[in-house]
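Enquirer: have a look at this prediction, sequence included:
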Protein chains: 2
Amino acid sequence: MKRPAVVLVALAIGAFCAGQFALADEEAVPYPENFRAWSHVKSGVIGPQHANFSSMGGIHHVYANPRAMDGYRTRQFPEGSVIVFEWLEWAEKNGSIEEGPRRQVDVMVKDSQRYASTGGWGFQRFVKDSKTELAASPTPQQCFACHDKLKVDGLVLSKYRE
Amino acid sequence: MKRPAVVLVALAIGAFCAGQFALADEEAVPYPENFRAWSHVKSGVIGPQHANFSSMGGIHHVYANPRAMDGYRTRQFPEGSVIVFEWLEWAEKNGSIEEGPRRQVDVMVKDSQRYASTGGWGFQRFVKDSKTELAASPTPQQCFACHDKLKVDGLVLSKYRE
């Protein structure tokens, strides 16, 4: 009678773990495949005079998928909106600042049900060019807290530049 | 008999002028309507340390229409390719460089027949936000001369950043 009990316990543990992973998968923000082909919202640069140059220096771009572009126009971001904040490292030569290696890719996905606890938006930071490696910080909750504090409509800080 | 002769001369002059304008229209590079919705190829910045900061300082972006995007992938730019080089003025605050007002919009259009004399590409610079005001210089011939001197494949200097 021992073996079936062990099997049952193993099955129970397995089911528990599968449940945990399933939950994690449901909450995971997917990598924004092909985001470079989306609309370019705007860009900015953090230069050497900036207080956070060492961690943020370089050119950064904001991209939006078609649904998010509707949101930029109306400031009501529909479900399925995805916004990418791409950070490129500082690369300068004789006053010409170029696009350096990718530092990180920040993603916001609008899904009011799935991300109800973070204002209806899922947040995630991907490291460098990796589509799977996630930054330890900021956590999605930390991303949300900062966006929420700024109280910009729809939690989206950027505006589209015509 | 005088009147018909005057009319004929007037018609001839009219036809000549119409021909001149038609020729000019044929060679004119149209304003790239809605280019901000095209693909974003790359960006760069001319900073205060640059020798040409006064005339070129600021963020600039390169955009490409779908045909030009095929060209960026193959480096063979098909007919109908349009590439836009948008120049925004320098705007900086505490080391954060932002997108300033639009300085100019440079356009390249691939049409091997129409622009045979400038390497198969039509060139034009539009002033600030205007869709009709053309810069006195560089002329399309000057644009071509400089692009041609650099001998980059297809006369397109930029490369697509994946």
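Expert: Right, received. Where do you want to start?
Enquirer: can you list contacts of stretch A:120-128?
Expert: If you take CB atoms under 8 Å, 6 or more residues apart in numbering or on different chains as the criterion, stretch A:120-128 is touched by A:27-29, A:31, A:101-112, A:114-115, A:132-135, A:138, A:140, A:143-144, A:147, A:155. C-beta coordinates here come from the backbone N, C-alpha and C atoms, glycine included.
Enquirer: any idea which helix or strand of chain A has the worst average confidence?
Expert: helix A:2-27 (a mean of 51; mean pLDDT, DSSP states H and E).
Enquirer: quick one: residue A:87 and residue A:102 touch, right?
Expert: Yes - with contact defined as CB atoms under 8 Å, residue A:87 reaches residue A:102; the gap is 7.1 Å.
Enquirer: alongside chain B, which residues does chain A contribute?
Expert: With the criterion set to CB under 8 Å from any CB of the partner chain, chain A comes near chain B through A:36-37, A:39-40, A:42-51, A:53, A:59, A:61, A:63, A:92, A:94-99, A:161-162.
Enquirer: where does the most centrally placed residue in chain A sit: helix, strand or coil?
Expert: Most central in chain A under CA atoms, centre = their mean is residue A:107, positioned 2.1 Å from the mean C-alpha point. Using DSSP: H, G, I helix; E, B strand; the rest coil, the structure places residue A:107 in strand.
Enquirer: please name the bridge partners of it.
Expert: residue A:84, residue A:124 (DSSP bridges).
Enquirer: list the buried residues for stretch A:125-135?
Expert: A:125, A:126 (16 or more other CB atoms under 10 Å in any protein chain shown).
Enquirer: and for stretch A:28-39?
Expert: Per 16+ other CB under 10 Å, stretch A:28-39 contains these buried residues: A:29, A:31, A:32, A:35, A:36, A:38, A:39.
Enquirer: let me have those residues in TSV, extended by pLDDT and secondary structure.
Expert: Below are those laid out as TSV (pLDDT from 0 to 100; DSSP: H, G, I helix; E, B strand; the rest coil):
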residue	pLDDT	secondary structure
A:29	96	coil
A:31	97	coil
A:32	98	coil
A:35	97	helix
A:36	96	helix
A:38	95	coil
A:39	96	strand
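Enquirer: next, count neighbours for residue A:81.
Expert: Residue crowding around residue A:81 was assessed by other CB atoms under 10 Å in any protein chain shown; the count is 24.
Enquirer: pop the domain breakdown of chain A in here.
Expert: A:1-30, A:32-153 (automatic domain parsing).
Enquirer: most packed of the ones you listed?
Expert: domain A:32-153 (a mean of 17; mean count of other CB atoms under 10 Å in any protein chain shown).
Enquirer: now it, how far from the centre of its chain.
Expert: 6 Å (CA atoms, centre = their mean, to the nearest Å).
Enquirer: ranges for the strands of chain A?
Expert: Along chain A, counting by DSSP state E, strands occupy A:39-46, A:58-64, A:82-93, A:96-110, A:121-127.
Enquirer: pairing partners for the first one, with directions?
Expert: Read it as strand A:39-46. strand A:58-64 (antiparallel), strand B:96-110 (antiparallel).
Enquirer: between strand A:82-93 and that strand, find me the angle.
Expert: 40 degrees (axes from the mean of the first three to the mean of the last three CA atoms, to 10 degrees).
Enquirer: quick one: residues in contact with strand A:39-46.
Expert: Contacts for strand A:39-46 (CB under 8 Å, 6+ apart): A:52-53, A:56-66, A:69, A:72, A:83, A:90, A:97, A:158-161, B:36-37, B:40, B:43, B:45, B:59, B:61, B:63, B:95-99.
Enquirer: please repeat the previous calculation with a cut-off of 6 Å.
Expert: Identification of contacts with strand A:39-46 by CB atoms under 6 Å, 6 or more residues apart in numbering or on different chains yields A:56-57, A:59-64, A:69, A:158, A:160-161, B:37, B:40, B:43, B:45, B:59, B:97-99.
Enquirer: just the longest one next, same as before
Expert: Contacts of strand A:96-110 with the rest of the structure, by CB under 6 Å, 6+ apart, involve A:29, A:32, A:58-59, A:77, A:79, A:81-91, A:121-126, A:128-129, B:42, B:44-45, B:47, B:50.
Enquirer: try the second one
Expert: Here strand A:58-64 makes contact (CB under 6 Å, 6+ apart) with A:35, A:38-45, A:83-90, A:99-100, A:158, B:43.
Enquirer: pull it out as CSV, backbone CA atoms only.
Expert: Written as CSV, here are the backbone C-alpha positions of strand A:58-64 (Å, rounded to 0.1, in the frame of the first residue of the first chain):
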residue,chain,number,x,y,z
GLY,A,58,21.8,56.7,-24.0
ILE,A,59,19.0,57.0,-26.6
HIS,A,60,15.6,55.5,-25.8
HIS,A,61,12.6,54.9,-28.0
VAL,A,62,8.9,54.3,-27.4
TYR,A,63,7.0,52.0,-29.8
ALA,A,64,3.3,51.2,-29.8
